[in-house]
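A.B. asks: I'd like to go over a predicted model; first the sequence, then the structure.
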Amino acid sequence: MHASEIAQKGKIAKEASRKLAVTSTKIKNEALERMAAALEKNAKAIIDANSIDLQAGDKKGLSKALLDRLSLDGKRIQGMVDGLKVVRSLGDPVGEVLAEWERPNGLKIRKVRVPLGVIGIIYEARPNVTVDSAALCMKSGNAVILRGGSDAIQSNIEITKTISEAAYAAGIPKGSIQLIHDTKRETAEELMKAREFVDVLIPRGGKHLIQTVVKTAQVPTIETGEGNCHAYVEKTADLKMAAEIVVNAKCQRPSVCNAIETLLVDDAVAAGFLPMVRKELAEKNVELRGDAKAVKILPGIKEATEEDWRTEFLALILAIKVVSGVDEAIQHINTYGTKHSEAIITKDRKAARKFQNEVDAAAVYVNASTRFTDGFEYGFGAEIGISTQKLHARGPMGLPELTSYKYIVHGTGQVRT
């Protein structure tokens, strides 16, 4: 009986990961350079493969938004090339000494960063994820098994072939970058359970994909992405600033996980603030849904349901709730939020501190838009996702978050008595 694609590629990835863990920074950087050059050189073949996916997607009835996410052109391939160059410029986390100390018995202990091993990435119809994931995993010393969606399979095959051959020519161990070609659900489920080969799974995509992986996986999983984010306008806020932040956080790019979905406004300023922000949001075609107090201040808007407080709209829809103060705002966020990004707009330092200390989220902002929760914006160069959980990594995951650590202990013959 033939081993499955997961078992075959998993075994190869495991062997490659051990060699990659001790591959020099120089070789990894050379590989990233060659990968960037290969993408530029092979752009036409990649775009041709992508056109096959686009035609199939159109026949299948994919939405314009999905087809746009799937589509590749010269500009988007250049974006991938630029991303590879950014990752090349970043420091290599592998081997970094996090702490060192000496015990009274003379043992010298160092805590050192090491790769996670084999990382499985399960994602949907965005071919750029193939390049980003491969680059970040390789630079941090991890082998990667990529499992994209069926909608982007031809694009992903051509991209993976292009970048993996370039990486191997630079001295990266063969098998460090692999794509699963079988896009059946059963194959994805097998990857989720491949504890023998895979050390960590990272799903990248919508709520349904992430929850499916979290519920099915036997491999440790890092939950990323879902963002039911809030902005709270506290009673001392500069209302002009508050309006600018709210409009940016909702409208600058509504389909991403760090856009806000609910606006919380202090009762003391709601009557003055809501009509002002409504005008600006109306210009951006935002649909508003409010609680009873918000509806009274803004006649004609829809009444919000309980489900609206829980929903990541990813669209030009904003739920509005009028609250009695910072305590009610915090309670609402901790009840309905997804631990992603939350913001308070205030001049009151005490209220700001309370909000920062008590809101349970990966990123908490004072007087700034939630749209900044992003690896590039944080100065990490790139990210593999935004973790909304607490174990191991939280928030934008750059290269250090794709490592673990081990203790290196030096003795001179000590034995324990």
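C.D. replies: It's in. Numbers count the residues shown, from 1 in each chain.

A.B. asks: which parts of stretch 308-323 are buried?
C.D. replies: 308-309, 311-314, 316-323 (16 or more other CB atoms under 10 Å). C-beta: built from backbone N, CA, C; applies to glycine.

A.B. asks: gap between that stretch and the chain center?
C.D. replies: Mean C-alpha position of stretch 308-323 versus that of the full chain (CA atoms, centre = their mean, to the nearest Å) differs by 21 Å.

A.B. asks: Just the endpoints, please. Distance across it?
C.D. replies: Criterion CA to CA, to the nearest Å; first-to-last residue distance in stretch 308-323 is 16 Å.

A.B. asks: now swap in stretch 251-263 and tell me
C.D. replies: Termini of stretch 251-263 sit 13 Å apart (CA to CA).

A.B. asks: Hmm, Phe273 and Ala243 touching each other?
C.D. replies: Yes - between Ala243 and Phe273 there is a contact under CB atoms under 8 Å: 7.4 Å.

A.B. asks: re earlier: could you dump the buried residues of stretch 308-323 into a markdown table and include secondary structure?
C.D. replies: A markdown table is the format used below for the buried residues of stretch 308-323 (DSSP: H, G, I helix; E, B strand; the rest coil):
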| residue | secondary structure |
| --- | --- |
| Asp308 | helix |
| Trp309 | helix |
| Thr311 | coil |
| Glu312 | coil |
| Phe313 | coil |
| Leu314 | coil |
| Leu316 | coil |
| Ile317 | strand |
| Leu318 | strand |
| Ala319 | strand |
| Ile320 | strand |
| Lys321 | strand |
| Val322 | strand |
| Val323 | strand |
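
A.B. asks: JSON lines please, covering the residues you listed and showing distance to Val247 and pLDDT.
C.D. replies: Converted to JSON lines, these look like this (distance: CB to CB, whole Å; pLDDT from 0 to 100):
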{"residue": "Asp308", "distance to Val247": "19", "pLDDT": "98"}
{"residue": "Trp309", "distance to Val247": "21", "pLDDT": "98"}
{"residue": "Thr311", "distance to Val247": "20", "pLDDT": "94"}
{"residue": "Glu312", "distance to Val247": "19", "pLDDT": "93"}
{"residue": "Phe313", "distance to Val247": "16", "pLDDT": "92"}
{"residue": "Leu314", "distance to Val247": "17", "pLDDT": "88"}
{"residue": "Leu316", "distance to Val247": "11", "pLDDT": "95"}
{"residue": "Ile317", "distance to Val247": "14", "pLDDT": "96"}
{"residue": "Leu318", "distance to Val247": "10", "pLDDT": "98"}
{"residue": "Ala319", "distance to Val247": "15", "pLDDT": "98"}
{"residue": "Ile320", "distance to Val247": "13", "pLDDT": "98"}
{"residue": "Lys321", "distance to Val247": "18", "pLDDT": "98"}
{"residue": "Val322", "distance to Val247": "19", "pLDDT": "98"}
{"residue": "Val323", "distance to Val247": "20", "pLDDT": "98"}
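
A.B. asks: with the residues you listed in mind, which one is nearest to Lys108?
C.D. replies: For the buried residues of stretch 308-323, the residue nearest Lys108 by CB to CB is Glu312; the value is 49.0 Å.

A.B. asks: what sits against that closest one?
C.D. replies: Taking CB atoms under 8 Å, 6 or more residues apart in numbering, we find Glu312 in contact with Lys207, Glu226, Gly227, Asn228, Cys257, Glu261, Thr338.

A.B. asks: State the distance from it to His208.
C.D. replies: According to CB to CB, to the nearest Å, Glu312 and His208 sit 11 Å apart.

A.B. asks: what does Val246 give?
C.D. replies: Distance, Val246 to His208, by CB to CB: 28 Å.

A.B. asks: So those two - more neighbours on which side?
C.D. replies: Val246 (25 against 9; other CB atoms under 10 Å).

A.B. asks: Tell me who's in contact with the more buried one.
C.D. replies: Here Val246 is in contact with Ala231, Val233, Ile260, Leu263, Val277, Leu281, Ile345 (CB under 8 Å, 6+ apart).

A.B. asks: The last one against Thr236, yeah?
C.D. replies: No - Ile345 lies out of contact with Thr236 (CB under 8 Å); the separation is 9.3 Å.

A.B. asks: These two: which has the busier surroundings?
C.D. replies: Higher neighbour count among Ile345 and Thr236: Ile345, with 27 against 16, using other CB under 10 Å.

A.B. asks: circling back to that earlier point, identify the farthest-apart pair in the contacts of Val246.
C.D. replies: Leu281 and Ile345 (15.3 Å).

A.B. asks: ok, so of the buried residues of stretch 308-323, who is nearest Val198?
C.D. replies: Nearest to Val198 among the buried residues of stretch 308-323 is Glu312, at 27.6 Å by CB to CB.

A.B. asks: for the residue lying closest to the closest one once chain neighbours are set aside, phi and psi?
C.D. replies: Take Glu312 and drop its neighbours on the chain: the residue closest to it by CB to CB, 6 or more residues apart in numbering is Asn228, 4.8 Å away. Torsion angles at Asn228 (phi, psi; degrees, to the nearest 10) stand at phi -90, psi 90.

A.B. asks: got a list of what Asn228 touches?
C.D. replies: Glu261, Thr262, Arg310, Thr311, Glu312, Tyr336, Gly337, Thr338, His340.

A.B. asks: which SS class is the second one?
C.D. replies: Under the three-state scheme (three-state DSSP), Thr262 adopts strand.

A.B. asks: from here on, count from 28
C.D. replies: Will do, 28 is the new start, and the previous item becomes Thr289.

A.B. asks: quick check: domain ranges of the protein?
C.D. replies: By the assignment in automatic domain parsing, the chain contains the domains 32-249+424-436, 256-399.

A.B. asks: For the ones you listed, give me a markdown table that also has distance to Ile411.
C.D. replies: Formatted as a markdown table, the domains of the chain follow (distance: least, CB to CB, whole Å):
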| stretch | distance to Ile411 |
| --- | --- |
| domain 32-249+424-436 | 5 |
| domain 256-399 | 14 |
